[in-house]
Every structure is written in C-alpha cells, then in structure tokens.
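Visitor: Give me coordinates for this.
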Amino acid sequence: MDHFDARPEPADAKSPSRDMLGIINKAGDLVVALLESASQAIVGVDRAGRIVLANRRAEEIFGYSRAELLGERIEMLLPDSRRVHHVRERDDYFAHPRIRPMGSGIDLAARRQDGTEFPVEVSLSYVEAEGGLYAIAFVSDISQRKHLEEQLLHAQKMEAVGRLAGGVAHDFNNMLTVISGYNRMILDELSAMDPLRGYAEEILKAADRAGALTNQLLAFSRRQIMQPRVISVNTVVGQTEKMLHRLIGEDVELVMRLGAGVGNIKADPGHVEQAVVNLAVNARDAMPLGGRLTIETENVHLDEHYARTHMGVSPGDFVLIAVSDTGHGMDAETRRRIFEPFFTTKEKGKGTGLGLATVYGMIKQTGGDIWVYSEPGRGTTFKLYFPRVAEPTSDSADGDASLAKRAGGETVLVVEDEKAVRDLTVHMLQQLGYVILTASSGTEALEIGQAHEGTINLLLTDVVMPGMSGRKLADQLLEQRPGTKVLFLSGYTENTVVHHGVLDAGVNFLPKPFSRENLARKLREVLAKP
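Guide: Coordinates of the predicted model:
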C-alpha cells in the first residue's frame with residue numbers, strides 16, 4: 001500500500017511481510033486515516049525484528065523517512081547501549097507475546113537519525129496473521145514532559161531551601177538587631193583613644209557583614225522587602241556602566257547594547273542594579289585571561305509555547321536584560337545547581353555561593369524569570385525577564401536625611417515579642433527623646449491602648465508575632481485610636497504587610513537589623529506624614 005510503503009516492494013530478505021501489508025490493504029482507508037492521524041509513533045515489527053509498518057508520526061519522531069525505516073531492524077531506533085540487550089528481549093517477547101501498557105514504570109530511550117537520544121514511553125501489543133506474529137509498538141516522545149518534571153523538582157527544592165533560609169534569616173536578624181544595636185551604644189560611650197574601641201568596631205563590621213548575608217538569604221527565599229516603583233530599564237542598567245568598568249578590569253571589553261524604545265518595569269531599582277553587577281562579577285571570574293562582556297536590553301513577548309516549556313512563566317510582554325560573556329562556560333550539572341544557595345565553583349574563601357541565588361530570588365519576586373544558556377568553552381548568557389508595564393516612571397522615594405537629626409517628644413507604643421529586641425528598641429527611643437509604652441503581645445498592646453489616657457502618636461510593632469500579627473494589631477488599634485501612625489518592623493514578613501515580598505501601598509516598614517539612626521529617620525518620616 002503506497003501510503004505506508006513509499007518505495008517499490010523489494011524482493012530481498014529485508015522486504016516487509018506481504019502478509020502484514022495485506023492486512024493493512026484489506027482494512028481500507030479508515031485504518032490508514034487512523035494510523036496517519038495518531039499522535040504516537042506506531043511501528044510494526046516481525047519476528048525477525050524487521051520494521052514492516054511505520055506511520056507519519058514515526059517519521060517525525062525518529063527523523064527517518066518511511067522508505068528508510070521499512071525493512072530495517074528495529075534496533076536502529078535504539079541507543080547503542082541498548083541494542084544487544086534488545087535482541088534478547090525481542091526474542092522473549094515473541095516467545096511470550098503479551099500486552100504491555102504505556103507508562104509501566106520502565107525508563108526507556110530512543111535514538112533519532114541524527115544520533116541524539118530522547119526519553120520515550122512505549123506500549124506493546126501484537127497481532128497474529130497468516131504470515132505469523134507481529135509486534136506493534138506505540139511510541140510517545142516524552143522529552144518535554146521530562147523537562148517540565150525536572151523543572152518542577154528543581155522548583156520544589158528551591159522553595160524548600162528558600163523557606164528554610166527565610167526562617168533562619170528572620171531569627172538571625174532579631175539577634176543581629178540586638179548585637180549591632182548595643183554595640184553602637186558601646187561605641188557612643190568609648191572615646192577615640194579607648195583601646196577597646198577597635199574591638200567594638202570590628203564587632204560592628206562583622207554584624208554588618210552578617211546583615212548583608214541574611215539579606216542575600218532573604219532575597220533568595222523571596223522574603224526580602226521590596227519597595228518597587230516604575231523604572232526605565234535602560235536608565236538603571238546604563239547607570240551601572242562606570243561601576244562595571246571598574247569591576248571587570250581593563251582586560252575585559254564591556255559592550256552595552258541598550259535597545260531603542262525598551263519599556264518600563266515595576267521593580268526595586270537597587271535590586272535590578274545588584275543583579276546586573278552580580279552577573280558581571282561572575283562573568284569576569286569566568287574570563288581570567290580577558291574577554292568580552294555584553295549587556296543587552298530589549299522588549300520581548302513570551303508566547304504560550306515558551307510558557308508551557310518554562311515552569312512558572314505566564315505568557316505576555318516582558319523586558320529582557322541579557323548578560324553574556326565569552327568565558328569558559330558551564331557543563332549541564334553546574335547549570336542545574338547554579339541558583340542553589342551556597343553552591344559555588346570558585347575556590348574556597350573566594351565566594352559565598354549566594355550571588356546567583358540572590359539574583360534568582362529577586363527576579364522571581366518581581367514576577368519575572370531567569371534562564372541560563374551555557375556550554376563548556378562557549379561562554380554563558382543569562383536572560384532576565386521582567387514583566388513590562390505601561391505606566392510612566394515614578395519619582396525616587398528617597399527620604400530626607402535631615403529627619404534623623406530632629407528629636408521628638410511623642411508617645412510611641414512598642415510591641416515586640418522578643419524581649420532582647422524590645423529592650424534594645426526602648427533604649428534607642430529613650431535616647432531619642434520619645435515617651436515609651438511597651439507590650440510583648442498584640443493583646444497586651446490593645447489593653448494598653450484602651451487604658452492609656454494620653455495620645456499614642458505611633459505604634460511601633462513587629463510583624464510576625466504569636467497569637468496576633470502586627471497587621472491585625474494595627475487594624476484593631478486604629479479602630480480605637482484613628483489618629484495613631486504605624487511603623488512595622490521585621491526580619492522578614494509573611495503576607496501580613498507584604499504580598500510575595502512587595503510592600504503594600506501606604507505601609508511604613510523598617511527592616512531588621514536597624515541602627516538607631518535609621519530608626520530615628522524612619523520615625524520622623526512617618527510622624528511627619530499628614
């Protein structure tokens with residue numbers, strides 16, 4: 001039947017079985033239509049292992065024409081490592097024919113004409129005819145499904161590690177707040193000539209480094225507090241050019257290709273700048289003998305196909321930042337792990353392994369996506385996708401630094417379940433000249449709010465507390481005292497003040513650890529608002 005056998009029937013031993021082709025001919029056009037419209041490759045094999053039947057999908061999956069398949073051994077469609085074993089398995093199947101359903105838990109692979117291997121699912125059936133027994137294989141290419149499964153497993157692993165990292169960072173930030181806060185008070189009391197001052201300054205430096213480390217953990221776990229605004233990608237990326245020249249050195253050529261008409265995104269500009277710098281530093285390390293670093297921006301549209309093959313991505317309009325280098329590249333195993341926190345290919349002591357984890361978390365937190373393309377000896381390209389917005393750019397939200405110098409005499413209700421952090425905050429506020437009320441829980445704070453006869457100008461509360469969250473406390477206290485201002489504190493927040501790490505509009509927030517100066521500035525900023 002010419003529709004299935006595209007060449008004249010040969011007379012040699014490799015020719016398809018006349019019996020099998022006769023069966024197909026008798027079945028008529030309906031069978032032909034069914035075979036040709038099937039979404040699976042359908043391959044018929046005789047007892048000698050010769051292919052006697054192949055449909056259109058078999059040509060597409062394996063890359064052979066039907067003329068090239070018919071009469072050849074079925075083993076040509078298997079990886080080299082499986083061919084010897086398959087002959088024995090084929091003989092066993094014909095000795096004990098049986099139906100084997102699809103997805104029976106066996107990991108199988110097939111081979112295309114170009115030599116590439118790919119995962120498949122195969123179900124087997126058989127038919128008997130005058131010419132003997134024939135095995136019918138129904139083959140599905142599951143490459144895309146396997147790819148998505150790997151993405152899912154990776155995403156689940158990253159989420160689990162992120163939850164752990166976020167929880168550790170939250171507790172650690174409470175401790176750092178106490179360490180750095182009291183240490184600054186000690187420094188205030190020590191003269192410049194005191195021999196202990198040097199020790200105290202080293203403690204403060206270590207606390208600051210630890211604070212930066214926890215911020216990286218929070219960025220990876222998508223619990224870092226973002227204060228996004230609409231920004232021009234070209235403006236933010238362009239502002240990094242001078243800094244990048246200093247970072248990458250003279251032996252690396254920097255090429256900036258900022259596309260015309262590139263749209264705006266809604267993100268924290270500091271986080272975007274940090275992502276570009278982190279990637280540039282990694283690129284420099286991958287080019288120890290020099291090379292070229294290229295940074296490009298452009299508008300892109302990610303379609304349904306891209307979204308189906310990249311887990312967590314929704315189709316739509318995005319702004320792309322691509323960072324490419326001509327360095328030594330990465331193998332597949334390294335690519336799989338590069339976004340894991342503390343994974344690094346650098347020498348001991350030359351990297352924390354948090355740079356790319358930070359970039360990963362920041363991009364995901366904005367609703368975007370990041371993908372890496374790399375091969376050993378062929379360099380690396382990171383593609384950062386940010387959702388494009390139609391709004392014009394926002395003005396900077398930087399506060400007035402002079403606010404930190406103005407003292408206040410207002411009453412502040414401090415609510416913090418961690419005693420050490422509460423005591424430190426009270427000491428700071430007293431030094432700044434505020435009248436202090438304290439509570440260790442939301443319930444106690446509401447009781448104080450009802451009993452206190454004077455004005456409570458500001459509620460200073462932790463966000464994550466047992467029993468009652470800071471947000472719930474603020475809502476109930478404001479029903480009693482509508483004029484009270486609110487300032488939230490936290491090492492990281494759940495969805496009580498932020499959604500996916502993005503600060504709700506109109507919410508005043510100060511992250512831990514904080515210094516007395518930062519606290520003073522933020523208090524005056526909040527109290528000065530109408």
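
Visitor: what's near enough to touch Met468?
Guide: For Met468, the contacting residues are 441-443, by C-beta atoms under 8 Å, 6 or more residues apart in numbering. For glycine as for every other residue, the C-beta is placed from the backbone atoms N, C-alpha and C.

Visitor: I'd like the average pLDDT over stretch 327-345.
Guide: Averaged over stretch 327-345, pLDDT sits at 81.

Visitor: List the buried residues of it.
Guide: Buried positions in stretch 327-345, judged by neighbour count with 16 or more other C-beta atoms under 10 Å: 327-330, 335, 338-341, 344.

Visitor: In the chain, where is pLDDT below threshold?
Guide: Along the chain, the model assigns pLDDT under 70 to residues 1-31, 102-107, 151-170, 211-227, 311, 341-343, 345-354, 395-408, 491-505.

Visitor: Settle this for me: Gln431 is touching Leu519, isn't it.
Guide: No. At 10.2 Å, Gln431 and Leu519 do not qualify as touching, with contact defined as C-beta atoms under 8 Å.

Visitor: out of those two, which sits in the busier spot?
Guide: Leu519 (20 against 13; other C-beta atoms under 10 Å).

Visitor: From Lys485, how far out is His427?
Guide: 21 Å (C-beta to C-beta, to the nearest Å).

Visitor: more crowded one of those two?
Guide: Lys485 (19 against 15).

Visitor: residues touching the more buried one, list them.
Guide: Residues in contact with Lys485 (C-beta under 8 Å, 6+ apart) are 457-459, 508, 526-527, 529.

Visitor: What subset of those is buried?
Guide: In the contacts of Lys485, the ones that pass as buried (16+ other C-beta under 10 Å) are 457-459, 508, 526-527.

Visitor: about what we covered before: return the member of the contacts of Lys485 nearest to Asn299.
Guide: Nearest to Asn299, judged by C-beta to C-beta, of those is Asn508 at 35.0 Å.

Visitor: Which residues are in contact with the closest one?
Guide: By C-beta under 8 Å, 6+ apart, the residues touching Asn508 are 485-488, 522, 525-526.

Visitor: Export the residues you listed to a markdown table and append columns for secondary structure and distance to Glu391.
Guide: Formatted as a markdown table, the contacts of Asn508 follow (DSSP: H, G, I helix; E, B strand; the rest coil; distance: C-beta to C-beta, whole Å):
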| residue | secondary structure | distance to Glu391 |
| --- | --- | --- |
| Lys485 | strand | 28 |
| Val486 | strand | 27 |
| Leu487 | strand | 28 |
| Phe488 | strand | 26 |
| Lys522 | helix | 27 |
| Glu525 | helix | 25 |
| Val526 | helix | 26 |
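
Visitor: Scan these and report the most crowded one.
Guide: Note: the member of those with the most neighbours is Phe488, at 24 neighbours, neighbours being other C-beta under 10 Å.

Visitor: what's the distance between it and Val464?
Guide: Per C-beta to C-beta, Phe488 is found 10 Å from Val464.

Visitor: Same question for His310.
Guide: Per C-beta to C-beta, His310 is found 33 Å from Val464.

Visitor: Check what contacts stretch 42-49 and list those residues.
Guide: Residues outside stretch 42-49 that contact it (C-beta under 8 Å, 6+ apart) are 17, 20, 35, 51-55, 57-58, 69, 73-75, 77, 87, 90, 94, 131-139.

Visitor: ok, of those residues, which come out buried?
Guide: Looking at those with 16+ other C-beta under 10 Å, the buried ones turn out to be 17, 20, 35, 51-55, 57-58, 69, 73-75, 77, 90, 94, 131, 134-139.

Visitor: Which of these fall within helices?
Guide: Counting by DSSP state H, those place 20, 35, 57-58, 69, 90, 94 in helices.

Visitor: is it true that Arg90 touches Ile74?
Guide: Yes. Arg90 is in contact with Ile74 according to C-beta under 8 Å; the separation is 7.1 Å.

Visitor: from the buried ones among the contacts of Lys485, which two are the most distant?
Guide: Asn457 and Asn508 (13.1 Å).

Visitor: Please enumerate the helices of the stretch 251-400 of the chain.
Guide: Assignment of helices within the stretch 251-400 of the chain using DSSP state H, counting those that start in this stretch yields the ranges 269-285, 304-309, 332-337, 355-365.

Visitor: mind listing what's buried in the first one?
Guide: Spelled out, it's helix 269-285. So, applying 16+ other C-beta under 10 Å, buried residues of helix 269-285: 269, 271-272, 274-280, 282-285.

Visitor: Return the member of those residues nearest to Gly355.
Guide: Distances from Gly355 to the buried residues of helix 269-285, taken by C-beta to C-beta, are shortest for Asn278, at 4.3 Å.
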